[in-house]
Every structure is written in structure tokens, then in C-alpha cells.
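K.L.:
structure for this input, please:
(2 chains)
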Amino acid sequence: GAVVSQHPSRVICKSGTSVKIECRSLDFQATTMFWYRQFPKQSLMLMATSNEGSKATYEQGVEKDKFLINHASLTLSTLTVTSAHPEDSSFYICSARGGTRAGEKLFFGSGTQLSVL
Amino acid sequence: GQQLNQSPQSMFIQEGEDVSMNCTSSSIFNTWLWYKQDPGEGPVLLIALYKAGELTSNGRLTAQFGITRKDSFLNISASIPSDVGIYFCAGRGTSYGKLTFGQGTILTVHP
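P.N.:
All right, here's what the predicted structure looks like:
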């Protein structure tokens, strides 16, 4: 099946620093990628939809200046958590759409555990 | 907006038992997807369903797209310890629309 690569898998940073997370579709082109946030034992919460060559679409309540998304190519989307604070600590997961329209599937990266000290 | 109710929230079973979980929605979906997530990992797609009434198997897993298009179930037969994890259903209302996720079912299998 399609593979989505996400890294880093884990990052620890000091409060006030910025952290960049990369998401790559390895064997298919993804015009649309999605970024989710997940708290322990909870479901995935969609943060934003990343569109290649255009601005990302953010869900209600998600600060676009806080979570910068860049989708510069058909295989790469990045999420930058700017001026991170402890409350930003979470598991972030990206996903990409693959397959034909009729058999469309969503494939996920392995996630990034962010810990802000 | 669309809402998904997934049940049960958690299950504790003995190895070898069968498992069943389901999701119901307040609106019609055109696609149902079932995922499994291991701790510290991203969800892995198990089964995708695209037509009302569709019944699809993947090894010991079987899932069905409800005829009303508002529900889906996932069955796991003869569970084994590696089945442990969180199972999520996800539905999509229109092609290329956003996925809505269920709350997840935490499965624990005792050897």
C-alpha cells in the first residue's frame, strides 16, 4: 500500500522555540495532505488541510499563525509549530490521500510526539 | 456537523474470542474506513468500504457498510495478542470531503 513518511518521530524542545515536522508521500503524489492532533487515548482532531501550491485550510479554533503549514510539492507538506509552549505538547499525525477517486483512501504517517519543556 | 458514535469504548477479551465493534452516524456516508493504531504510531488502514451493503474481509477482519449508509461494523475473529490497539472508524460524506473519526475502541487481549 501507499506509504507516508513522517519525521521526526519524537522531539523535545524548550518553550519558545519552533519545531518543524515533515510529511512525505513516498510512492504517490498527494495534492492534499491533512494534519491531525491527538491526545492520549483520544480520537484524531483535524487541524488543517494542506493543499499543494495554495494556502492551507484551518479548522475552527486552530491558530494559523501558530501552526504554519507549507505544501510546496506534491510529495511534501510541513507543519511548523511556532513559539511552542507546554500546552502544544501532543502527538501530531499527518495523512495523505491516495488511490483513484472511486477507491480513495487516507494513509497516515507514523506520527510525531512533541514535548515542550 | 457530522458525528460518529463508536462503540464499545473499550473491550477486554481472552485470546481466541471474536470481537465486534460498530459505528453509527447522524448522516449518510459514502465511504467507511477502519483503522488500527498502535501506541506511538499513526493509524494503519485495515479495510475500506465504498458501497452500501458491501462486506469486505482482510484476513481475520471483516467489515460491512450498512445498508442505510449510516453505520458500519468491524469484526475480528479468533483474536490474538497482537490485535491489541485502538481501532477507529472513519467516514466521509462526499468524495474528497474530510474524514470524520469515531472516538475509538481500545482492545485488550489477554493471552
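K.L.:
which residue comes closest to residue B:47 once chain neighbours are left out?
P.N.:
Of all residues not flanking residue B:47 in the chain, residue B:63 sits nearest, at 4.3 Å (CB to CB, 6 or more residues apart in numbering or on different chains). For the C-beta atoms, the positions are set from N, CA and C on the backbone; glycine is no exception.
K.L.:
who does that neighbour bridge with?
P.N.:
Beta bridges link residue B:63 to residue B:56, residue B:74, judged by DSSP bridges.
K.L.:
which stretch of helix or strand covers residue 33?
P.N.:
I went with chain A, as the question did not name one. Assessed by DSSP states H and E, residue A:33 sits inside strand A:32-38.
K.L.:
actually, chain B is the one I wanted.
P.N.:
Using DSSP H and E, residue B:33 falls in strand B:31-37.
K.L.:
ranges for the strands of chain B?
P.N.:
Counting by DSSP state E, chain B has these strands, from start to end: B:4-7, B:10-14, B:19-25, B:31-37, B:44-49, B:55-58, B:61-65, B:71-76, B:85-92, B:99-101, B:105-110.
K.L.:
now chain A, which segments are flagged as low pLDDT?
P.N.:
When residues are selected by pLDDT under 70, those of chain A lie in A:1-2, A:98-104.
K.L.:
rerun that using 50 as the cut-off
P.N.:
Scanning chain A for pLDDT under 50 picks out the ranges A:102.
K.L.:
around chain B, pick out the residues from it.
P.N.:
A:1, A:4, A:6, A:9, A:32, A:34, A:41-44, A:46, A:49, A:91, A:93, A:95, A:97, A:101-111, A:113 (CB under 8 Å from any CB of the partner chain).
K.L.:
those residues, buried ones only, as a ChimeraX selection?
P.N.:
Per 16 or more other CB atoms under 10 Å in any protein chain shown, the buried members of the residues of chain A next to chain B correspond to this ChimeraX selection:
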select /A:4,6,32,34,43,44,46,49,91,93,95,97,104,105,106,107,108,109,110,111
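K.L.:
contacts only, for residue A:108.
P.N.:
Residue A:108 makes contacts with A:4, A:93-95, B:35, B:42-45, as judged by CB atoms under 8 Å, 6 or more residues apart in numbering or on different chains.
K.L.:
from these, pick the one nearest residue B:3.
P.N.:
Within the contacts of residue A:108, the smallest distance to residue B:3 is 17.9 Å, found for residue B:35 (CB to CB).
K.L.:
tell me which parts of chain B are close to chain A?
P.N.:
Looking at chain A, the residues of chain B close enough under CB under 8 Å from any CB are B:31, B:33, B:35, B:40-45, B:48, B:50, B:86, B:88, B:90, B:92, B:95-96, B:98-99, B:101-104, B:106.
K.L.:
now residue A:20, nearest residue through space, not along the chain?
P.N.:
Spatial nearest neighbour of residue A:20, chain neighbours left out: residue A:80 (4.7 Å); criterion: CB to CB, 6+ apart.
K.L.:
swap in residue A:38?
P.N.:
residue A:91 (4.5 Å).
K.L.:
doesn't that neighbour belong to a strand?
P.N.:
Yes. Under DSSP: H, G, I helix; E, B strand; the rest coil, residue A:91 falls within a strand.
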